[in-house]
Every structure is written in C-alpha cells, then in structure tokens.
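Here is my input; please provide its structure:
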Amino acid sequence: MFLIKALIVLGTFCFMEFMAWFAHKYIMHGFGWNWHKDHHQHHKGFFEKNDYYAVVFSIVAASSIIYGNINSDFWYLTWIGAGVTCYGVAYFVFHDIIVHRRVKIKFVAKSKYMKRIMNAHYIHHRVHTKDGAEAFGFLYAPEKYEPKKRE
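As a prediction, this is how the structure comes out:
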C-alpha cells in the first residue's frame, strides 16, 4: 500500500507541472490576468495579487487531504492532496525563493537543469503584458531554453 500511495503522490506531482503550465498559459495569461499582471511588473511590498493562485491551489490540496481522511472510500484524495502540496513547496522554493528572490538567500545555479529552467523563467518575464509571453512551465523547460554559451 505504501508503494501505491507514493506513486499517487509522485504522479500527482508530475501532473501538477502540466496543470501549472496550463493554468499559467491559459488562465493567468488569460481571463485571470488581473491577479497575475503585478507579477510581471515591478511593485512595492512582499505580497502580490498573483499569490492568490497559491491560496487557490492550497485550498484544493487541503480539501483533498481532509476529505480523503474523513471518507475512507476516497482515501486516495489524501495522497493526491499530498502531491499537490509537494508541488506547491517545490514551486515556492524554486519560483519565489531561487528565481524571484522574494526570500533573500545566496544561490548560484550550477547545474545545467537549474540554469535552463531559470533562463526560461527570465525569458518569460521579458514580456510585461498579457500576450506574447513564452515558457509557461515552472519546473521543466525544453532544451531550447538552454542559456547561450559566451565565447
């Protein structure tokens, strides 16, 4: 049973990258731009409207965990909620701490993966409007976002 639960968490975590990409491209840069636009603009203060999306995903995760625990017929929802939560933690660490430095730490990307995913995110933020952005993923970026080597 442990293996099944672990696979549900891992599968949900991986699926969340697709969901985050989809939500980022079609909701945040679509009808939900009002919450997301301050994330593409310089602003004062720690919090931004874009943080509402984290609250929404947190409610989904917490509700899944709670309902899965109180209704044994839906036990798997606990582990789906855990996967969403794990993705949220990874997203927060990567996106808010490492890329946007909302929490001040010293971090220098050394791995090829981290350099590529950070470069993709910086390319995404070159556009400060609803339309015209690219690279909507958070924890995955295609090789085309590999940073150019300086000669």
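
From now on I want contacts and neighbour counts done on CA atoms only, so please keep to that.
Fine.

Run through this protein and note the low-pLDDT ranges.
Applying pLDDT under 70 to the chain picks out residues 150-151.

center of it, which residue is that?
For the chain, the residue nearest the mean C-alpha position is residue 91 (4.1 Å; Cα atoms, centre = their mean).

what's the helix or strand for that residue?
According to DSSP states H and E, residue 91 maps onto helix 76-91.

what residues does the next helix or strand after that helix touch?
Note on helix 76-91: by DSSP H and E, the next helix or strand toward the C-terminus is helix 112-124. Helix 112-124 is contacted from outside by 99, 109, 133-136, 138-141, 143, 145-147, using Cα atoms under 8 Å, 6 or more residues apart in numbering.

Restrict those to the buried ones and give me that as a PyMOL selection.
Those of the contacts of helix 112-124 that count as buried under 16 or more other Cα atoms under 10 Å are selected in PyMOL with:
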select buried, resi 99+135+136+138+139+140+141+145+146
